[in-house]
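J.: let's see this in three dimensions:
(one chain, ligands or ions: 1)
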Amino acid sequence: MSKFININGKIVGEEEAKISVFDRGFLFGDSIYEVTYSNSRTFVFLEEHLDRLWNSARLIGMDLQIDREELIDRLISTAKASNLDETYARVIVTRGESDLSIGTADFRQNVVIYIKPNIQYSSELYDKGLHLSLVSRVRNDKRSLDPNAKSGNYLNNILALQEAKLVGADDAVMANQAGEVTEGTTFNIWIVKNGKVMTPHPTSGLLKGITRAKVIDLCIANKFDFEERAITTQELIDADEIFITSSTKGIMPVYKLDSKIYAESSAQRPVTEALRKCYIELIQNHINSGTHSY
Ligand SMILES: Cc1ncc(COP(=O)(O)O)c(C=O)c1O
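T.: Presented below is the predicted three-dimensional model:
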């Protein structure tokens, strides 16, 4: 068994891991989720992920019925049951079961935890980097569906990824309607120009990644020349180095954006590599602290 599922506090086998067809997550994408992971049996930045889960709930008008300590207990007990040292852990909370009307009420929320072995990206991939495409599909406007609500409705991102795959890229980066760069399908985006590190400002409409926040802190603490500001698509194309951040990938370089090649090995992207070293050290220190270990 490589998938470990906890449904409303009960650890169940893969065969039993079922949610009702009346669940609003299934019917309408009316749910929120978080992805975190554990390394050496320690959950990484769990408190930050839980803060964001509660913020996602707030943004969609959902009053979370589960207690924070109870959710941590369920995560820890499910990770323990998996006996995995390195896990990928997803927490999904749906608004619960209802009839087919979209109106919301106090339904009984479903809380699902899904744990599986963590994805290990190869050192070759970290050396070479990803091929991204700047797709024509724009990111959801924050006034329609704020990307800061990490909701179960990922169609905007799925369609962007489909578009990128059609041109042979690994993944997609999206702009907003004003032509400002926002983020990738499941990651935040960064550029380096003349030694300066930049990432789009949240006002452009993006999910404030946990990794993004940590890398911003690292830039400031290590005195990198850094700015968080609106970035045009032309500035993205003209960058010297491009990299992405996410919990599962950490800092991952980008070697190609559509037909333009940037650095094709880590030696050619000094700023990304310097930051990557700092980030790896930060994670190691966090793990050594032993918070939320099992
Ligand atoms: C749309 C989007 N942006 C950014 C991120 C990166 O966030 P984090 O660093 O918290 O993993 C994710 C991660 O799932 C995402 O789905």
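
J.: how much space between residue 68 and residue 74?
T.: 11 Å (Cβ to Cβ, to the nearest Å). Every residue, glycine included, has its C-beta placed from N, CA and C.

J.: more neighbours: which of those two?
T.: residue 74 (21 against 13; other Cβ atoms under 10 Å).

J.: could you pull up phi and psi at the more buried one?
T.: phi -70, psi -40 (degrees, to the nearest 10).

J.: quick check: it touching residue 112?
T.: No - the pair residue 74 / residue 112 is not scored as a contact, 9.9 Å apart, by Cβ atoms under 8 Å.

J.: quick check: neighbours shared by these two?
T.: The contact sets of residue 74 and residue 112 overlap at residue 6 (Cβ atoms under 8 Å, 6 or more residues apart in numbering).

J.: what residues does this protein have near the ligand?
T.: Residues of the chain lying near the ligand by Cβ under 6 Å from any ligand atom: 35, 157, 183, 186-188, 207, 209-212, 245-247.

J.: closest to residue 56 among those residues?
T.: residue 207 (9.3 Å; Cβ to Cβ).

J.: the closest one touches residue 189, doesn't it?
T.: No - with contact defined as Cβ under 8 Å, residue 207 does not reach residue 189; the gap is 11.4 Å.

J.: can you pull the pLDDT of the residue of the stretch 51-200 of the chain found nearest the ligand?
T.: Residue nearest to the ligand within the stretch 51-200 of the chain: residue 186 (4.0 Å; Cβ to the nearest ligand atom). Model confidence at residue 186, given as pLDDT, is 98.

J.: tell me if it really is in a helix.
T.: No - the assignment for residue 186, made by DSSP: H, G, I helix; E, B strand; the rest coil, is coil rather than a helix.
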